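Trainee: quick one: sequence plus predicted model below, questions after.
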Amino acid sequence: MMGHDISGLVIHVFSTFGNMIWQIFWPLAFGLILSSWIRNLIPVSSVVKHLGKTTPVSLGFTTFLGMVSSSCSYAAASLSHTLLVKKSTVANAMAFLVSSTNLIVEMFIVLVALMGWTFLWGEVIGGLILIATVGFLFSRFFPQDVEQELRQHLEDAQPQKASCGMDMFKMKSDDSDCDMDMAAKPQSATMEKITKSAGFFQMDIAMIGKEILIGVVVSSILIALMPQDGWRALFISNDAGLPVWLHSFLDVIIGIFVAMIAYVCSVGNLILAAALWHGGISFGGVIGFILSDVLTIPMIRVYQKYYGKRPAKWMVGLLFVAILFTGLCVDAIFNGFGWVTSDQTVRALNQSGFGFNMTTVMNLIFIPASIWYYYLGKKANAGVGMSM
């Protein structure tokens, strides 16, 4: 009997894992591919011109870019990393990270379907408050010496010789070998750009692929093992007699904490948010949880890989403060105007991503495309390594 229960649990874990991979694959692949193209094609001067200073206009521009770019936090981290490589300010890059994970059409549709319009407007208002807060905190309080350390880490991570043409002005040796290689293997200009971009894609996968896999595995296990009602034990009862502001403060802290240890990508993140609301957490706590997909443990490891440990600590600290402040603001606004009721409905949502739907169509496109793109990049990088 016990063996049957264990086997059923294992099957449930694998089923959850497979469903989560299916849900996040195409937005993750799309975001990383887009990041590789931006990194290769957009001139540094263009990014410096629009994002080299932190202003209300630049924050608006990064918000718009984020809204149209990605819906997966790992892909958003890669894109914000690319902006920093291209000399964007840290504040603009972090604003992009927030907008590309929280102000996207896919999330809006699921929020309305699962939790109703009140939560949609909470997410929209919360996302805008968070972007403004992130812009302020990172432009005012991110230390100059830490930013220099971050820039140096980015510079050290860049390949010295990505291709013959890339370093043509730096190479001291004769360039005739490069000319011979190009003559021996003629490539169209378009294919050369694709190959070069694929090299950046393969480098990103090699750098953060393990963190992504660990995050999805841990999330799958937690979802499978922890019943929705199990989260209720974390919350503070309304009968505790605490002041309203303190109760809200603690609930937002709990929401952020749950997000950090139980990261779930895409739709699953909103399903768990619904479970938290049903379990008794405050409105601001739910919004704090949803916004904290940029503060999960796997994401923190990605920041460390991209920027170094000290800059990553400052990023996490300032993002934490910004999300906490945002959650409290949203809670105060919506409860103050009486927009939230205790019987706010939570609709049922089919969690399965399998079937003939948009996810299936996009995966049928991006699974083979990303595999081809990865091996193209791997071949390109291997060729660079051999030439060096």
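Mentor: Happy to help now that I have it.
Trainee: every contact and neighbour count from this point should use C-alpha atoms.
Mentor: Noted.
Trainee: which stretches of the stretch 1-150 of the chain have low pLDDT?
Mentor: 1-4, 44, 68-72, 105-106, 109-110, 113-114 (pLDDT under 70).
Trainee: just the helices from it, written as ranges.
Mentor: With DSSP state H, counting those that start in this stretch applied, the stretch 1-150 of the chain shows helices at 2-41, 44-51, 56-67, 73-85, 90-102, 105-115, 117-141, 144-157, listed in chain order.
Trainee: burial-wise, tell me which of those helices comes out on top.
Mentor: Using mean count of other Cα atoms under 10 Å, the stretch among those with the largest mean neighbour count is helix 90-102, at a mean of 28.
Trainee: can I get that one in CSV? Just the C-alpha atoms.
Mentor: The C-alpha coordinates for helix 90-102 follow below in CSV (Å, rounded to 0.1, in the frame of the first residue of the first chain):
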residue,chain,number,x,y,z
VAL,A,90,21.5,49.5,-13.5
ALA,A,91,18.2,51.2,-12.6
ASN,A,92,16.9,50.9,-16.2
ALA,A,93,18.0,47.3,-16.5
MET,A,94,16.2,46.4,-13.2
ALA,A,95,13.1,48.3,-14.3
PHE,A,96,13.1,46.2,-17.5
LEU,A,97,13.5,43.0,-15.4
VAL,A,98,10.4,43.9,-13.4
SER,A,99,8.2,45.0,-16.3
SER,A,100,9.1,42.0,-18.5
THR,A,101,8.0,39.6,-15.7
ASN,A,102,5.0,41.4,-14.3
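Trainee: and the contacts of it?
Mentor: Under the contact criterion Cα atoms under 8 Å, 6 or more residues apart in numbering, helix 90-102 has outside partners 51, 54, 58-59, 62-73, 76-77, 79-81, 83-84, 123, 127, 130-132, 134-139, 147, 290-291, 293-294.
Trainee: at 6 Å what do you get?
Mentor: 59, 62-63, 66-67, 70-71, 73, 76, 80, 131, 135, 138-139 (Cα atoms under 6 Å, 6 or more residues apart in numbering).
Trainee: three-state assignment of residue 356?
Mentor: Of the three states, residue 356 takes coil under DSSP: H, G, I helix; E, B strand; the rest coil.
Trainee: that one: how many residues sit nearby?
Mentor: Counted by other Cα atoms under 10 Å, the residues lying close to residue 356 total 8.
Trainee: where's it relative to residue 363, distance?
Mentor: Residue 356 sits 11 Å away from residue 363 when distances are taken as Cα to Cα, to the nearest Å.
Trainee: so can I have a markdown table of the helices of the stretch 1-150 of the chain showing distance to residue 307?
Mentor: Listed next are the helices of the stretch 1-150 of the chain as a markdown table, based on distance: least, Cα to Cα, whole Å:
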| stretch | distance to residue 307 |
| --- | --- |
| helix 2-41 | 16 |
| helix 44-51 | 19 |
| helix 56-67 | 20 |
| helix 73-85 | 8 |
| helix 90-102 | 11 |
| helix 105-115 | 28 |
| helix 117-141 | 15 |
| helix 144-157 | 5 |
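Trainee: mean confidence score for the helix or strand containing residue 274?
Mentor: In the assignment (DSSP states H and E), residue 274 maps to helix 266-279. Confidence over helix 266-279 (mean pLDDT, whole number) is 69.
Trainee: next, the angle from that helix to helix 73-85.
Mentor: Orientation check (axes from the mean of the first three to the mean of the last three Cα atoms, to 10 degrees): helix 266-279 against helix 73-85 gives 120 degrees.
Trainee: from the middle of its chain, how far away would helix 266-279 be?
Mentor: Once both centres are worked out by Cα atoms, centre = their mean, to the nearest Å, helix 266-279 turns out to sit 18 Å from its chain's centre.
Trainee: who's in contact with the helix or strand just after that helix?
Mentor: If you walk from helix 266-279 toward the C-terminus, the next helix or strand you reach (DSSP H and E) is helix 283-291. Outside of helix 283-291, the residues that reach it under the criterion Cα under 6 Å, 6+ apart are 251-252, 255-256, 259, 273, 327-328, 330-331.
Trainee: dump helix 283-291 to PDB, restricted to CA.
Mentor: Once side chains and other backbone atoms are set aside, the C-alpha atoms of helix 283-291 remain, and they are given as PDB (Å, rounded to 0.1, in the frame of the first residue of the first chain):
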ATOM      1  CA  PHE A 283      -4.300  41.300  -0.900                       C
ATOM      2  CA  GLY A 284      -0.900  43.100  -0.600                       C
ATOM      3  CA  GLY A 285       0.700  39.800   0.300                       C
ATOM      4  CA  VAL A 286      -0.600  38.200  -2.800                       C
ATOM      5  CA  ILE A 287       0.700  41.100  -5.000                       C
ATOM      6  CA  GLY A 288       4.000  40.900  -3.100                       C
ATOM      7  CA  PHE A 289       4.200  37.200  -3.900                       C
ATOM      8  CA  ILE A 290       3.500  37.600  -7.600                       C
ATOM      9  CA  LEU A 291       6.000  40.500  -7.900                       C
END
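Trainee: report the angle between it and helix 117-141.
Mentor: Helix 283-291 and helix 117-141 meet at an angle of 70 degrees, taking the same axes, to 10 degrees as the criterion.
Trainee: so for helix 283-291, what's the average pLDDT?
Mentor: What helix 283-291 shows for mean pLDDT is 91.
Trainee: tally of neighbours for residue 205?
Mentor: For residue 205, the tally of surrounding residues (other Cα under 10 Å) stands at 16.
Trainee: which element is it on?
Mentor: Counting by DSSP H and E, the secondary-structure element that holds residue 205 is helix 189-225.
Trainee: give the buried residues for that helix.
Mentor: By neighbour count with 16 or more other Cα atoms under 10 Å, helix 189-225 contains the buried residues 194-205, 208, 211-212, 215-224.
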